[in-house]
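J.: Turn this into a model:
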Amino acid sequence: MSKMTGVTYSSFGKQLQLFKQPKIFVGTLIIAVLLVGGLFAPLIAPFDPNKQNLDLAMLAPQWLSGPHVLGTDPLGRDVLSRLIYGARVSLIIGIAVALLSGFIGVTLGSVSGYFSGRTDLIIQKIVEVMWAFPPLLFAIAVIAFLGQSLVVLIAALVLQRWIPYCRVARAQALSLRARDFVEAARALGATDGRILVHHIVPNLIPTSLVIGTFAMAAAIISEASLSFLGLGVPRSIPTWGSMLSDARAHISTSWWLPVFPGLFILVTVLGINLLGDGLRDHLDPKLSRAGNH
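T.: Numbers count the residues shown, from 1 in each chain. Just a heads-up that it's a prediction; the model follows:
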């Protein structure tokens, strides 16, 4: 019993050591704050994000001296409330794109690298064809054809975000398939499917986590870009990109309209990139030491 307790405390201590790294701590803190804001937006937001009041239009930030802390937009909607609800949309899209892209990319990459030969050739040709299209233009074409909705937007971003996972997973699978533990499993009669699920894919997860953080940041930027162009989610749903788009006509007179959505996008992407960079240093100490030298 004491040995089990010691192992538990040891593993818990290692997890705490992980969060002592500045990059991981700051990145996790930023993401945690945004997650709490997005999940509990109806409780945290001071106003309905779509409630209009033309009598209060274009109010400058009142900070702590009034109810509209970050001001209002041309329709009298509270900027802070729209920012909080916008975090929900950005995080849903970022997490969904990272998870779906990771599942597709890791699956195809591991199959491609493990089986090699004709299977590898077919999958890599698909990768080359998909990689030939500019990501943002490809997403615009998909949304223009299928219409605007949250599901369509996520699907349009996933269609190319799986490629980095696939390329890295393939390279690792090519190396892992010749390792002794894989040969031992094969000699014991393990099927190819069992080897992939129990021996290949688990060794791809650490690298995929790092790729996933950067894919999440890229998805949030892409969503903001598409919403800015009017091709994101429906306009009735507040997003940071649509807020920037609405602020274009007032950028010279109402500085708070473009500044706050831009800051939220900047801080969110910075936090995710810090977390990904910290995880990369933690999971690949050799790379970290090489960078320090």
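
J.: can you tell me which helix in the chain is longest?
T.: Ranked by residue count under DSSP state H, the longest helix found in the chain is helix 79-115.

J.: ok, and for the next helix or strand after that one, which residues are buried?
T.: Using DSSP states H and E, the helix or strand that follows helix 79-115 in sequence is helix 117-131. Neighbour-count burial for helix 117-131, counted by 16 or more other Cβ atoms under 10 Å, picks out Asp120, Ile123, Gln124, Val127. Every residue, glycine included, has its C-beta placed from N, CA and C.

J.: My read is that the last one contacts Cys166, right?
T.: Yes: assessed by Cβ atoms under 8 Å, Val127 is found in contact with Cys166 at 5.9 Å.

J.: What segments of the stretch 101-250 of the chain are helices?
T.: Applying DSSP state H, counting those that start in this stretch to the stretch 101-250 of the chain gives helices spanning 117-131, 135-146, 150-176, 180-187, 192-195, 205-228, 240-247.

J.: what residue ranges in the protein score low on pLDDT?
T.: 1-19, 284-293 (pLDDT under 70).

J.: Any idea how many residues pack against Ile221?
T.: When neighbours are counted by other Cβ atoms under 10 Å, Ile221 registers 17.

J.: And Gln160, by the same measure?
T.: Other residues close to Gln160 by other Cβ under 10 Å number 20.

J.: Without its sequence neighbours, what residue ends up closest to it?
T.: Excluding the flanking residues, the one nearest Gln160 by Cβ to Cβ, 6 or more residues apart in numbering is Pro135, at 4.9 Å.

J.: In contact with the most centrally placed residue in the chain, which residues?
T.: With distances taken as Cα atoms, centre = their mean, Met216 lies nearest the centre of the chain, 1.4 Å away. For Met216, the contacting residues are Gly94, Ile95, Val97, Ala98, Ile272, by Cβ atoms under 8 Å, 6 or more residues apart in numbering.

J.: Can you tell me the closest non-neighbouring residue to Arg280?
T.: Val210 (4.7 Å).

J.: Kindly report the same for Pro234.
T.: Excluding its sequence neighbours, the residue lying closest to Pro234 (Cβ to Cβ, 6+ apart) is Gln148, at 5.6 Å.

J.: contacting residues around the closest residue to Ala173 other than its chain neighbours?
T.: Leaving out its chain neighbours, the residue that sits closest to Ala173 by Cβ to Cβ, 6+ apart is Gly113, at 2.7 Å. Residues near Gly113 by Cβ under 8 Å, 6+ apart: Asp120, Ala169, Arg170, Ala171, Gln172, Ala173, Leu174, Leu176, Arg177.

J.: I am finished for the moment; much appreciated.
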